[in-house]
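Student: the following comprises the amino acid sequence and a computationally predicted model.
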Amino acid sequence: MEKNRREFIKILGSVAALSFVPGMLYASQKSDDSKIRLTILSTNDQHSRLEPFPANDKKYANQGGYAQRAALINSIRQEEDNVLLLDAGDIFQGTPFFNIYGGELEFKLMSKMGYDASTIGNHEFDNGLNGLSKASVHAKFPFICSNYDFSDTIMKDKTIPYKIIEKGELKIGIIGIGVKLDGLVSSKSYGDTKYLDPIEKANEYAKLLKEKSCDFIICLSHLGVDYPSEENKIGDVEFVSKTRNIDYLIGGHTHTFMEAPMEVKNLDGKLVKISHSGWGGLRVGRLDLEFDSKKNLAYEPTYTLKKVKKQA
Amino acid sequence: MRKVYIIISLLLFTMISCNFSHEPKVVLKDSAQYYSVSKDLNIQADAEYDSIIAIYKVGVDSVMEEYIVDSEQGLSRKRPSGALNNLIADAMRIEISKEVDFNVDFAMYNYYGIRNTLPKGKIIKGNVFEVLPFENQATLVHLSPKGMKHLLTYIYKSGGQPISGLEVEYTDSINYNATIGGNEFDTTAYYWVVTSDYAANGGDNMNFFQESDSIFYTGILIRNNLLNYLENLNANNLKLTADTVSRITYKD
């Protein structure tokens, strides 16, 4: 019995030692070290500007260029552990590189820079679905399209409706919203692609990502910022006001330069940031976030206007 | 002893399952900024990217550096009417009439399909590609009187489109004086218009092209219309001159 008791204590000791480890982790999470940083970098409407704008360009002489951007991104990656690099579409069209190579080099170099995902802009259809399909083999990153149905086209299975990316201890959900094709893109170019309602699809997939316990949900949008004078044409501002569960919108299409992201209330009254980074690779948008475990928080984060609807 | 092992297993199970279930995280702070990608960043461009781009550039330049013509002025797009609008629409009407050996009544291109300016001085093929980067083909549409009416209203409402062979003075969106090929516009007639397949298929909401009895896709790129037009000027020892006369006007 005495032997048994000693053995018991020994075993108990090792259990205590084992359980002490997560205890330590828990304790350290309460300190400042527990904060998890995430850096989201974004571009939109690159329009095949592989080289910097030419020296005789009236507005943007010598600005932009993939090599310069790659260096910038690389330097940020050296400082930050958790970096997401995303694009909101219209990678194609605008310089003869596209006319000659059909987007091959754009996709190759974006893959090399470590893009995590892109959505599809209207100019991705410029060489038809065949042209996009042919170029897409050079992209090592996924195309996220939540409201284009390519199932009856050659692009079938070459896009995904959403993606979850794990960065450190974070789970990031991403959806992608495309602009209405009819009236913008030649029907010959988009073929049997079906355009689905952006609000309906965004709400559907963002909810799914929330249920899959994503900590932060990003929407890549190629709708354009806002069309206050055009009825029946939805932009990001209206889109955000009619959706929920999206935390951050990275937009494109309207070639909008911003000093700071816009903030728009969503369906739940929560402020959502909308960020556009000009065009032509002239800007790279950056959003830095600091997260902590929910259980460590004695208070609601201050950046929300109204209380965020409690998660189930 | 058995109890002990049960306790241990339970403890271990709890620890393992803790690791597998995701701990929800909340944003505490955020901050945003935009980098201007330029030399001001003080970051040396990545040489590896530069060299990959340079390799592809050889293929681009071998096509794009070809000399086309000299221009007296720089040409840009303008609304309601501008020198580059006029040039492109002229090239479409004149070159397609030659190609199909049939005089089309007028040409209309879409304003947003003009993507860059033409420089003063030497124009190379690459300049023309940047102005008209799209693989759009010239398309002939036999437009009905109703289609014509909608086209003229569209030009007004959109703030102007590149046209050639058609001139119009507007009082408002439905009251105007139009001439086609120098003759007064006949509201009861069908007209042959050359446009792009993009527009003929409803691009930029130009749905009126469907109000026609025939559409012919020529298979000839509009960019080639412009290239041929400019090359002809050069072959005749002419320089490009800007036609800045407005083809769309508004009555006060």
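Tutor: Sure, I can see it.
Student: for the rest of this, base every contact and every neighbour count on C-alpha atoms.
Tutor: Will do.
Student: hey, where'd the strands end up in chain B?
Tutor: With DSSP state E, the ranges of strands along chain B come out as B:25-36, B:67-71, B:106-108, B:121-124, B:137-143, B:163-164, B:166-170, B:176-180, B:183-184, B:191-196, B:212-221, B:248-250.
Student: residue B:211: neighbouring residues, count only.
Tutor: Using other Cα atoms under 10 Å in any protein chain shown, residue B:211 has 17 neighbouring residues.
Student: let me see the contact set for it.
Tutor: Residue B:211 makes contact with B:143-144, B:146-147, according to Cα atoms under 8 Å, 6 or more residues apart in numbering or on different chains.
Student: out of the residues you listed, which are buried?
Tutor: Buried subset of the contacts of residue B:211 (neighbour count, 16 or more other Cα atoms under 10 Å in any protein chain shown): B:143-144, B:147.
Student: so which of the strands of chain B is nearest chain A?
Tutor: With Cα to the nearest Cα as the measure, strand B:25-36 is the member of those nearest chain A (4.3 Å).
Student: contact partners of the closest one?
Tutor: For strand B:25-36, using Cα under 8 Å, 6+ apart, the contacting residues are A:63-64, A:170, A:215, A:258-261, A:277, A:282-294, A:301-303.
Student: near chain B, from these?
Tutor: A:63-64, A:170, A:215, A:258-261, A:277, A:282-294, A:301-303 (Cα under 8 Å from any Cα of the partner chain).
Student: if any of those are buried, put those into a ChimeraX selection.
Tutor: Under the burial definition 16+ other Cα under 10 Å, those of these that qualify are selected in ChimeraX by:
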select /A:63,64,170,215,258,260,261,277,282,283,284,285,286,287,288,289,290,291,292,293,294,301
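Student: of the ones next to chain B among the contacts of strand B:25-36, which belong to strands?
Tutor: Counting by DSSP E, these contribute A:170, A:283-293 to strands.
Student: residue A:44 contacts residue A:252, correct?
Tutor: Yes: using Cα atoms under 8 Å as the test, residue A:44 is close enough to residue A:252 to be in contact (5.2 Å).
Student: who has more neighbours, these two?
Tutor: residue A:44 (35 against 31).
Student: need the ones in strands among the ones next to chain B among the contacts of strand B:25-36 in JSON lines (columns: pLDDT and distance to residue B:246).
Tutor: Compiled in JSON lines, these are given as follows (pLDDT from 0 to 100; distance: Cα to Cα, whole Å):
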{"residue": "A:170", "pLDDT": "96", "distance to residue B:246": "59"}
{"residue": "A:283", "pLDDT": "97", "distance to residue B:246": "37"}
{"residue": "A:284", "pLDDT": "98", "distance to residue B:246": "40"}
{"residue": "A:285", "pLDDT": "98", "distance to residue B:246": "41"}
{"residue": "A:286", "pLDDT": "98", "distance to residue B:246": "45"}
{"residue": "A:287", "pLDDT": "98", "distance to residue B:246": "47"}
{"residue": "A:288", "pLDDT": "97", "distance to residue B:246": "51"}
{"residue": "A:289", "pLDDT": "97", "distance to residue B:246": "53"}
{"residue": "A:290", "pLDDT": "96", "distance to residue B:246": "57"}
{"residue": "A:291", "pLDDT": "95", "distance to residue B:246": "59"}
{"residue": "A:292", "pLDDT": "91", "distance to residue B:246": "62"}
{"residue": "A:293", "pLDDT": "87", "distance to residue B:246": "65"}
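Student: let's have these in JSON lines, adding distance to residue B:251.
Tutor: Formatted as JSON lines, those follow (distance: Cα to Cα, whole Å):
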{"residue": "A:170", "distance to residue B:251": "62"}
{"residue": "A:283", "distance to residue B:251": "43"}
{"residue": "A:284", "distance to residue B:251": "46"}
{"residue": "A:285", "distance to residue B:251": "46"}
{"residue": "A:286", "distance to residue B:251": "49"}
{"residue": "A:287", "distance to residue B:251": "50"}
{"residue": "A:288", "distance to residue B:251": "54"}
{"residue": "A:289", "distance to residue B:251": "56"}
{"residue": "A:290", "distance to residue B:251": "59"}
{"residue": "A:291", "distance to residue B:251": "61"}
{"residue": "A:292", "distance to residue B:251": "64"}
{"residue": "A:293", "distance to residue B:251": "67"}
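Student: just flag the most distant two among those residues.
Tutor: With Cα to Cα as the measure, no two of these lie farther apart than A:283 and A:293, at 32.3 Å.
Student: residue A:58 - that's part of a strand, no?
Tutor: No: looking at residue A:58 with DSSP: H, G, I helix; E, B strand; the rest coil, it is coil, so not inside a strand.
Student: quick one: it from residue B:206, how far?
Tutor: Distance of residue A:58 to residue B:206, given as Cα to Cα, to the nearest Å: 32 Å.
Student: cool, residue A:129 as well?
Tutor: According to Cα to Cα, residue A:129 and residue B:206 sit 22 Å apart.
Student: can you check residue B:172 too?
Tutor: On the measure of Cα to Cα, residue B:172 and residue B:206 end up 19 Å apart.
Student: check contacts around residue A:197.
Tutor: With contact set as Cα under 8 Å, 6+ apart, residue A:197 has these partners: residue A:147.
Student: run a quick neighbour tally on residue 110.
Tutor: Looking at chain A here, since you left the chain open. The number of residues near residue A:110, taken as other Cα under 10 Å, comes to 23.
Student: hm, I was asking about chain B
Tutor: Applying other Cα under 10 Å, we find 20 residues neighbouring residue B:110.
Student: helices along chain A, start to end?
Tutor: With DSSP state H, the ranges of helices along chain A come out as A:2-30, A:66-79, A:96-101, A:104-113, A:128-136, A:187-190, A:198-211, A:236-241.
Student: least reliable of these going by mean pLDDT?
Tutor: Ranked by mean pLDDT, the helices of chain A bottom out at helix A:2-30, which scores a mean of 42.
Student: residue contacts, the nearest residue to residue B:203 once chain neighbours are set aside?
Tutor: Using Cα to Cα, 6 or more residues apart in numbering or on different chains and skipping residues adjacent in sequence, the residue nearest residue B:203 is residue A:183, 4.5 Å away. By Cα under 8 Å, 6+ apart, residue A:183 lies in contact with B:202-207.
Student: what subset of those residues is buried?
Tutor: Counted by 16+ other Cα under 10 Å, the contacts of residue A:183 give B:202-204, B:206-207 as buried.
Student: need those residues in a markdown table (columns: pLDDT).
Tutor: Converted to a markdown table, those look like this (pLDDT from 0 to 100):
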| residue | pLDDT |
| --- | --- |
| B:202 | 87 |
| B:203 | 88 |
| B:204 | 90 |
| B:206 | 93 |
| B:207 | 93 |
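Student: looking at the contacts of residue B:211, which one is closest to chain A?
Tutor: Nearest to chain A, judged by Cα to the nearest Cα, of the contacts of residue B:211 is residue B:147 at 16.7 Å.
Student: do you know how far residue A:163 is from residue A:90?
Tutor: Distance of residue A:163 to residue A:90, given as Cα to Cα: 20 Å.
Student: what about those two, which has more around it?
Tutor: Counted by other Cα under 10 Å, residue A:163 and residue A:90 do not tie: residue A:90 has more neighbours, with 27 against 21.
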